[in-house]
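Trainee: I need the structure of the sequence given here:
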Amino acid sequence: MGRNIRSLIFIAVLFFLSLSSCGMPRMFRWDRNEEYRISSSQLEFNLSYVYYDRDLGSDRTIQLTPLSGTPVMHFYYCVSSAGGLSGFNMSSAFTSQYSSRYVPVRDINSIDPIVSDSVTLTSGADDVTTSVGLYEFIDVATGQRPDFPHSIDDFLENTDSIGSSYLKHATYSIQSVSAGEAGEYYFQLTLNENTEKERVYTLARFNGAPFRNGMANYLGTEDNGDTREYSDEDDPAGDFINPRVYIYASATFLFEGYTTVSTIELAEVTNWTV
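Mentor: Predicted structure coming up:
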């Protein structure tokens, strides 16, 4: 081995040792059912992470401190079909794109979905494809993207509410509320109901419009010219069987001293007939 190569290896070893001695950030897996649980009504997670240390030959517990401004909760919706689709898996598409990073918050004027999934309609004579988008809501009270919880202080302790064996948790429920006109409605999201940390949101579609009965109301453009979920009024989505609004929850975690950013998979909260 040449002197130059040996020198380079020596320098590289010193470099990595120096990083280690200075507290090089560590990574870990943030795994479902071990460190967190998410369902249609509740998100729970631990602030201590247990893993098997190969060097020690035993389990090791690390206490976790959420980075300021985290965990960040997310709620999204899509308009899709209850049947007659092939290849549709919005949760998989979302995880594939965002599992190791933050999900961006779009400007209220953005017409782009957070993520989209190509699907094939199999109920007609010929198979045709369309793209189902996952969209952010608009908070009716502010006209902006909702300010969902983004701090450990927004979550409940075990003693704050029944139903959690984990160290922190948040509960949520969704129902429809009238938007004023017949056949028009918003979704009311309630977090941590009947606790001191209760928060209530009235949610409109990504373009600020209310949700409406009838798939035609999600094709083309609004009367004011705003784009709808399917910008082409002749989109094959018009042939969806039993079209529904699907609402999902997720969250992003990041902890002090660790490099891991983890956005967990979507959990369906509810679905509503269009």
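Trainee: going forward, measure contacts and count neighbours with C-alpha atoms only.
Mentor: Fine.
Trainee: select the longest strand from this protein.
Mentor: strand 241-254 (DSSP state E).
Trainee: give the rounded mean pLDDT of it.
Mentor: The average pLDDT within strand 241-254 is 95.
Trainee: also stretch 224-232?
Mentor: 96.
Trainee: show the subsequent helix or strand relative to the longest strand of the chain.
Mentor: Tracing the chain past strand 241-254, the next element assigned as helix or strand by DSSP states H and E is strand 261-263.
Trainee: can you give me the helices for the protein?
Mentor: If DSSP state H is used as the criterion, the helices of the chain fall at 3-21, 90-98.
Trainee: that older thread, and the longest strand of the chain, what's buried?
Mentor: If you call a residue buried by 16 or more other C-alpha atoms under 10 Å, then strand 241-254 has these buried ones: 241, 243-254.
Trainee: quick one: work out the angle between it and helix 90-98.
Mentor: 40 degrees (axes from the mean of the first three to the mean of the last three C-alpha atoms, to 10 degrees).
Trainee: neighbouring strands for strand 241-254, and are they parallel or not?
Mentor: Here the strand partners of strand 241-254, with direction, are listed using DSSP bridges: strand 72-83 (antiparallel), strand 261-263 (antiparallel), strand 267-273 (antiparallel).
Trainee: which residues in the stretch 151-274 of the chain form strands?
Mentor: Ranges of strands in the stretch 151-274 of the chain, per DSSP state E, counting those that start in this stretch, are 168-178, 184-191, 199-204, 211-212, 241-254, 261-263, 267-273.
Trainee: and those strands, which is most packed in?
Mentor: Of all those, strand 261-263 has the most neighbours on average by mean count of other C-alpha atoms under 10 Å, namely a mean of 22.
Trainee: before we move on, back to that, of the strands of the stretch 151-274 of the chain, which is nearest S81?
Mentor: Among the strands of the stretch 151-274 of the chain, the nearest to S81 by C-alpha to C-alpha is strand 241-254 (4.3 Å).
Trainee: distance from the chain centre to the closest one, please.
Mentor: Put simply, strand 241-254 sits 7 Å off its chain's centre (C-alpha atoms, centre = their mean, to the nearest Å).
Trainee: cool, and stretch 40-57?
Mentor: Stretch 40-57 has its average C-alpha position 20 Å from the chain's average C-alpha position, going by C-alpha atoms, centre = their mean.
Trainee: for the protein, what helix or strand is lowest in average pLDDT?
Mentor: The helix or strand of the chain with the poorest confidence is helix 3-21; it has a mean of 39 (mean pLDDT, DSSP states H and E).
Trainee: make JSON lines from the strands paired with strand 241-254 and add distance to Y218 and mean pLDDT to it.
Mentor: Formatted as JSON lines, the entries for these read as follows, by distance: least, C-alpha to C-alpha, whole Å; pLDDT from 0 to 100:
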{"stretch": "strand 72-83", "distance to Y218": "8", "mean pLDDT": "96"}
{"stretch": "strand 261-263", "distance to Y218": "28", "mean pLDDT": "92"}
{"stretch": "strand 267-273", "distance to Y218": "13", "mean pLDDT": "96"}
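Trainee: now distance to N213 too, for those, in JSON lines please.
Mentor: Output for the strands paired with strand 241-254, formatted as JSON lines (distance: least, C-alpha to C-alpha, whole Å):
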{"stretch": "strand 72-83", "distance to N213": "12"}
{"stretch": "strand 261-263", "distance to N213": "32"}
{"stretch": "strand 267-273", "distance to N213": "8"}
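Trainee: so which of those strands is nearest S96?
Mentor: Across the strands paired with strand 241-254, the minimum distance to S96, taken as C-alpha to C-alpha, is reached by strand 261-263, at 10.3 Å.
Trainee: list of residues touching that closest one?
Mentor: By C-alpha atoms under 8 Å, 6 or more residues apart in numbering, the list of residues contacting strand 261-263 from outside reads 30, 95, 98-103, 250-254.
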